[in-house]
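K.L.:
show me the folded form of this:
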Amino acid sequence: MSVIKRSVLVACAVLLTTKGASAAPLQYQLKPEQIAPDTYLLQGKMQDFSRKNGGNIVNTGFVVTDAGVLVFDTGPSRRYGEAMRQAISEITDQPVVHVFNSHHHPDHFLGNQAFADSTIWALPGTGQKMAQQGGAFTENMYRLVGDWMRDTEMLLPHKPLEMEQLELGKHRFRFYAMKGHTGADLMMLDETTGVLFASDMVFYQRALTTPHTPGLPVWLAEMEQIADIPYKLLVPGHGPTVQDRAATDQMQDYLRWLDQTLTKAAEQGKSMTEVMRTPLKPGFEKINLSREEFARTVVHLYPRYEDAAF
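P.N.:
Numbers count the residues shown, from 1 in each chain. Okay, the predicted model is just below:
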């Protein structure tokens, strides 16, 4: 995105949000929660992107070791990344040595600028998708959250992640390359503590998003693999942490229902508008944004089901 275009977007955002009054300082006020030894979570709000939340709807985290700090996802903006780095510095004086981007959605990597002096890793497919779509994502985030994005520019990962394991200090990390959410999705298990950073392969109590999934059956099959991982605590990409299989069970149930609902509707020749009016399965209405995300999923995926049916 050009400097001029970005400046125009920011200026418009300021005019829309301040309306001539003094704007309150935009601060994320991140408060790390210790969820395991040496392990911290910054939990995002279970909302859509907005100018009120600044795009802070994502779970990010970091692990402090005696060989440096490892960061998993950097948030939706440079300002978020800087706030995250400040939060880390208040806990440890160890340098941030490794940063991992789980996938190419903007709320997970647009804080990379704050970690430019660290080694930033992502799956090869993720780096490719960032290069192809990151510019458009960045522009869209300026429109969605406004001045929170000031000075944010896309910083691509430094290295493609091809290793399966990493030892850092006393911690041993295992990486999982998945595909269900975007086609290139990284998960990380700290085998030392049992914490699984599942990224957006798992949503919990917040409806999942589907614009880049290679297919619900692909995602569903991988959920069975995730359920078999011997984690002690699962950190979803969005939503609260969980110690048991409640999150993976909810994901499997929801994905299975989505796939069956869209398949049946296509076989019956229903229009997209008719499908959007489908009642949610009992219990799903309690999941945050379930109705909104169901409608978006119909837009994203229903044409594929219509093509398969005819």
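K.L.:
so residue 82 touches residue 115, yeah?
P.N.:
No. The pair residue 82 / residue 115 is not scored as a contact, 9.6 Å apart, by C-beta atoms under 8 Å. Quick note: C-beta positions are derived from backbone N, CA and C, even for glycine.
K.L.:
ignoring the adjacent residues along the chain, who's closest to residue 156?
P.N.:
Excluding the flanking residues, the one nearest residue 156 by C-beta to C-beta, 6 or more residues apart in numbering is residue 130, at 5.6 Å.
K.L.:
for the one you found, what are its contacts?
P.N.:
The contact partners of residue 130, by C-beta atoms under 8 Å, 6 or more residues apart in numbering, come to 101, 104, 109, 122, 154, 156-157.
K.L.:
sitting in strands, which of those residues do you find?
P.N.:
By the criterion of DSSP state E, membership of the contacts of residue 130 in strands covers residue 122.
K.L.:
make JSON lines out of the contacts of residue 130 and add distance to residue 195, pLDDT and neighbour count.
P.N.:
Shown next, in JSON lines, are the contacts of residue 130 (distance: C-beta to C-beta, whole Å; pLDDT from 0 to 100; neighbours: other C-beta atoms under 10 Å):
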{"residue": "101", "distance to residue 195": "18", "pLDDT": "98", "neighbour count": "29"}
{"residue": "104", "distance to residue 195": "23", "pLDDT": "98", "neighbour count": "26"}
{"residue": "109", "distance to residue 195": "21", "pLDDT": "98", "neighbour count": "29"}
{"residue": "122", "distance to residue 195": "20", "pLDDT": "98", "neighbour count": "27"}
{"residue": "154", "distance to residue 195": "28", "pLDDT": "97", "neighbour count": "17"}
{"residue": "156", "distance to residue 195": "27", "pLDDT": "98", "neighbour count": "15"}
{"residue": "157", "distance to residue 195": "22", "pLDDT": "98", "neighbour count": "22"}
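K.L.:
show me the two of the contacts of residue 130 that sit farthest apart.
P.N.:
Distances among these were taken as C-beta to C-beta; the most separated pair is 122 and 154, at 12.4 Å.
K.L.:
give me the common contacts of those two.
P.N.:
By C-beta under 8 Å, 6+ apart, the residues touching both residue 122 and residue 154 are 109, 130.
K.L.:
check contacts around residue 204.
P.N.:
Shown in contact with residue 204 (C-beta under 8 Å, 6+ apart): 234, 236, 238-240, 242, 246-247, 250-251.
K.L.:
got it, and residue 162?
P.N.:
residue 124.
K.L.:
out of the contacts of residue 204, which end up buried?
P.N.:
Buried subset of these (neighbour count, 16 or more other C-beta atoms under 10 Å): 234, 236, 238-240, 242, 247, 250-251.
K.L.:
all helices of the protein, in order?
P.N.:
3-18, 78-89, 124-145, 216-227, 246-267, 272-276, 290-309 (DSSP state H).
K.L.:
list the buried residues in the fifth one.
P.N.:
What that stands for is helix 246-267. By neighbour count on 16+ other C-beta under 10 Å, the buried set for helix 246-267 is 247-248, 250-252, 254-255, 257-259, 261-262, 265-266.
K.L.:
which residues are in contact with residue 219?
P.N.:
Counting by C-beta under 8 Å, 6+ apart, residue 219 makes contact with 179-181, 201, 213, 255.
K.L.:
before we move on, what about residue 57?
P.N.:
44-49, 76, 107, 238.
K.L.:
ok, so of those residues, who is nearest residue 194?
P.N.:
Distance to residue 194 across the contacts of residue 57 (C-beta to C-beta) is lowest for residue 238, with 20.9 Å.
K.L.:
can you report how many residues lie near the closest residue to that closest one other than its chain neighbours?
P.N.:
Leaving aside its sequence neighbours, residue 238 sits nearest to residue 206 (C-beta to C-beta, 6+ apart; 4.4 Å). Neighbourhood size, residue 206 [other C-beta atoms under 10 Å]: 21.
K.L.:
could you pull up phi and psi at residue 67?
P.N.:
The phi/psi pair for residue 67 (degrees, to the nearest 10) reads phi -110, psi 10.
K.L.:
repeat that for residue 51.
P.N.:
Here is the backbone geometry of residue 51 (degrees, to the nearest 10): phi -70, psi -20.
K.L.:
and it, how far is that from residue 270?
P.N.:
Using C-beta to C-beta, to the nearest Å, residue 51 is found at 36 Å from residue 270.
K.L.:
pull the number of nearby residues for residue 135.
P.N.:
Residues lying near residue 135 (other C-beta under 10 Å) number 13.
K.L.:
hmm, back to that, possible to save the contacts of residue 57 as CSV with distance to residue 161?
P.N.:
Listed next are these as CSV, based on distance: C-beta to C-beta, whole Å:
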residue, distance to residue 161
44, 23
45, 28
46, 28
47, 30
48, 29
49, 27
76, 21
107, 19
238, 22
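K.L.:
great, nothing more from me.
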